[in-house]
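# Quick one, fold the following:
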Amino acid sequence: MLKAIVFDLDDTLYDQQRPFQQALFSVWNDPAVSGHVLTDLFKVFKHMNDRVAKLETLTMNHVFSCLNDVLVKHDLPTLTNSVWLAFCDRYHAEAEKISLFADIQAQLPLLKDHYELGVITNGESNTQTEKLSHLDIQRWVKKENVVISDEVGLRKPDPRIFTHFNRQMNIQPKEVVYIGDNFEKDMVGAKQAGWHAFWFNHRHLDMPQSDFIPDQTVESPSELAELLQAMSVTNY
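Okay, the predicted model is just below:
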């Protein structure tokens, strides 16, 4: 029987592409940019997001280079580092305005009555803590139920970060479900740790070749909300 529901943070509890898009268009509003270009840029940024938090020159230059590679692939002119730095500043400002997916937020009060709720996220401590604060997540998730990779020295998909949560909560792996958008980090990591795993595939990605299969797959916030609502009535 499940005792806890644990969420990924970035692009699971909130729409991470929204602040990305707003920040990018504020410094580079090129009408030639198609949805495919934006999607590809976001994929690269999202993949590297937890390394972007600290504005270290070498790290940032590497990120900018990878983003420019996407533009080259689409036969678009690259952007200067000064433009990318302006983008990063704006992104951090936009990240202060993030909000929970409304459909998911509506289910949290009900879930809280039936389960322990938690968060496991990769990233730098201050950055991820600020995001959680902006989302007002403490209304439903106890502080001790939040695990940030920077604080424990473990990163998803390392199954030990999930095992750390088990020890901290004194619950068994089979008693927890993890919900996340990243197949490799979230699904594979959780399944390797013996957890149930629900793939929140709202970016409509292809299922990778893997030895691990999610227990459930949903493709929109409303679908996830329906699943969570069912779990608040009948234990998974």
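# What is the helix or strand of the chain with the lowest mean pLDDT packed up against?
For the chain, using mean pLDDT, DSSP states H and E, the weakest element among its helices and strands is helix 35-52, scoring a mean of 81. Helix 35-52 sits against helix 17-27, helix 57-73, with contacts defined as 3 or more C-beta pairs under 8 Å, 6 or more residues apart in numbering; DSSP states H and E. (Each C-beta comes from the backbone N, C-alpha and C, glycine too.)
# quick check: domain ranges of this protein?
Following the assignment in automatic domain parsing, the chain carries domains at 4-15+99-233, 17-95.
# Let me have the ones you listed in a markdown table, extended by mean neighbour count.
Formatted as a markdown table, the entries for these read as follows, by neighbours: other C-beta atoms under 10 Å:
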| stretch | mean neighbour count |
| --- | --- |
| domain 4-15+99-233 | 18 |
| domain 17-95 | 15 |
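# Lowest mean pLDDT across those domains, which one is that?
Sorting the domains of the chain by mean pLDDT places domain 17-95 lowest, at a mean of 85.
# Now do the closest residue to Gly194 other than its chain neighbours against Pro159, distance only.
If the residues on either side of it in the chain are set aside, Gly194 comes closest to Pro173, at 3.3 Å by C-beta to C-beta, 6 or more residues apart in numbering. Distance of Pro173 to Pro159, computed by C-beta to C-beta, to the nearest Å: 9 Å.
# Please enumerate the shared neighbours of these two.
Counting by C-beta atoms under 8 Å, 6 or more residues apart in numbering, the residues touching both Pro173 and Pro159 are Ala193.
# Could I get the full set of helices for this structure?
Counting by DSSP state H, the chain forms helices over residues 17-27, 35-52, 57-73, 81-95, 102-105, 108-112, 125-134, 149-152, 159-169, 189-192, 221-233, given from the N-terminal end onward.
# just checking, what packs against the third one?
This points to helix 57-73. Other elements packing on helix 57-73 under the criterion 3+ C-beta pairs under 8 Å, 6+ apart are helix 35-52, helix 81-95.
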